[in-house]
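*Asks:* what follows is a predicted protein model with its sequence.
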Amino acid sequence: MKKIYVIGAGINGMSAAVQLAEHFQNKNVQVTVMADKLTPFTLSDLVAGLWSPYLMGNTDPDKIIQWSKGTHKFFHELWINGLAGESGVTMSPVIGLSVEDPRSCPSWKDIPFGFRELTADEVEKYSNEHGRNYLSGYQFVSFCCQPKKMLPYLTKRFLKAGGKFEQRKIVNLEDVTEADLIINCTGLGGKFLGDDQLHPIRGQVTRVKAPWMNGVIIDNSDDGNYIIPNDDSVVLGGTHQVDDYNLNVSLPDHDFINAGCQRMVKSLVNAEMVINGVGLRPGRNSVRLETEYRGSGKTPIIHNVGHGGSGVTLSWGCGTEVLERAIDVMNTTAKL
């Protein structure tokens with residue numbers, strides 16, 4: 001029996017693992033997820049999960065469109081097939097604003113529902129409301145996918161397709177000697193497995209109880225804040241501090257987040273705080289999704305790391321390319 005090991009059990013690892021397990025089910029291939037942390041203890045469990053490409057360095061725009069479109073389609077299918085509640089998929093209107101020079105529409109504008117640029121009068125209105133001098137803005141309708149629900153949903157699908165879990169910390173990909181194919185979905189951990197281009201982008205958020213909030217507001221400026229409702233709380237953010245490994249809650253960051261979000265939505269002054277959270281996004285100059293042959297035995301490795309702030313947004317689409325690459329690798333191996 002051939003053995004595929006997916007290293008990492010966050011949203012990208014599980015999205016790839018499910019597609020691999022379902023494709024190779026009953027084909028004499030065992031897919032195993034190997035990780036030291038499983039849900040609910042992964043970084044993915046902490047995030048708000050808004051579908052919106054963010055912090056991906058110089059990633060090819062065509063790839064961003066391909067991967068994010070694949071994920072958007074997956075969320076939409078869950079939504080229309082009655083699986084939104086179980087998988088943590090919700091839908092929200094999104095307002096994006098910026099104080100920087102007027103920005104051209106993002107390359108992914110044709111993917112979400114109802115994308116349009118805001119008029120000058122609308123931009124001025126939000127400027128007055130938020131106490132900011134916005135120069136541009138847009139709106140669309142998007143999905144939020146909360147990994148704290150999506151990961152258990154994917155786990156159920158993975159196990160149903162014959163997948164297995166092995167809780168184990170990997171310090172060297174070449175130590176997985178039993179693998180015929182390795183899928184590297186280790187996030188920032190990939191830095192310690194040989195990818196020097198990976199670096200942390202620290203993110204701190206505050207979760208509050210504000211059930212009256214039903215829309216997303218994002219200030220895309222370099223010093224901007226964001227407000228993202230989930231089903232049980234509202235995520236207020238945030239920070240994007242490059243090369244910062246500090247996992248402790250920062251009081252100055254907390255004050256910055258609260259002040260900025262309360263300036264945008266005055267009623268948040270009355271919101272009850274639930275918790276502060278800190279996580280390290282896996283930053284990179286560009287998302288790495290490629291096949292490598294490493295070690296004396298030339299074990300094939302498919303790298304799927306460096307998603308920045310777009311782990312949820314790219315997850316299913318990247319998993320689809322991982323599957324395509326895995327099929328090529330397994331077919332090539334079978335011919336040798």
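*Replies:* Received it, and whenever you're ready, just let me know what you need.
*Asks:* low pLDDT regions in the protein?
*Replies:* 103, 295-297, 333-336 (pLDDT under 70).
*Asks:* so in it, which helix runs the longest?
*Replies:* helix 311-335 (DSSP state H).
*Asks:* that helix: how far from the chain's middle?
*Replies:* Counting by C-alpha atoms, centre = their mean, to the nearest Å, helix 311-335 is centred 18 Å from the centre of its parent chain.
*Asks:* I'd like to know which elements it is packed against.
*Replies:* strand 2-7, helix 11-24, helix 61-80, strand 181-184, strand 288-294, strand 299-305 (3 or more C-beta pairs under 8 Å, 6 or more residues apart in numbering; DSSP states H and E). For glycine as for every other residue, the C-beta is placed from the backbone atoms N, C-alpha and C.
*Asks:* immediately after the second one, which helix or strand?
*Replies:* As assigned by DSSP states H and E, the chain's next helix or strand after helix 11-24 is strand 29-35.
*Asks:* what lines up beside that next one in the sheet?
*Replies:* strand 2-7 (parallel), strand 164-167 (parallel) (DSSP bridges).
*Asks:* buried ones in the longest one?
*Replies:* When burial is assessed from 16 or more other C-beta atoms under 10 Å, strand 2-7 yields the following buried residues: 4-7.
*Asks:* number of nearby residues for the nearest residue to residue 172 once chain neighbours are set aside?
*Replies:* Nearest residue to residue 172 in three dimensions, chain neighbours excluded: residue 193, at 6.8 Å (C-beta to C-beta, 6 or more residues apart in numbering). Using other C-beta atoms under 10 Å, residue 193 has 18 neighbouring residues.
*Asks:* hang on, residue 326 packs against residue 180?
*Replies:* No. Residue 326 is beyond contact range of residue 180, at 10.1 Å (criterion: C-beta atoms under 8 Å).
*Asks:* give the residues shared as contacts by those two.
*Replies:* Counting by C-beta atoms under 8 Å, 6 or more residues apart in numbering, the shared contacts of residue 326 and residue 180 are residue 4.
*Asks:* ok, residue 45 to residue 172 distance?
*Replies:* 26 Å (C-beta to C-beta, to the nearest Å).
*Asks:* next: residue 121.
*Replies:* Counting by C-beta to C-beta, the separation of residue 121 from residue 172 is 58 Å.
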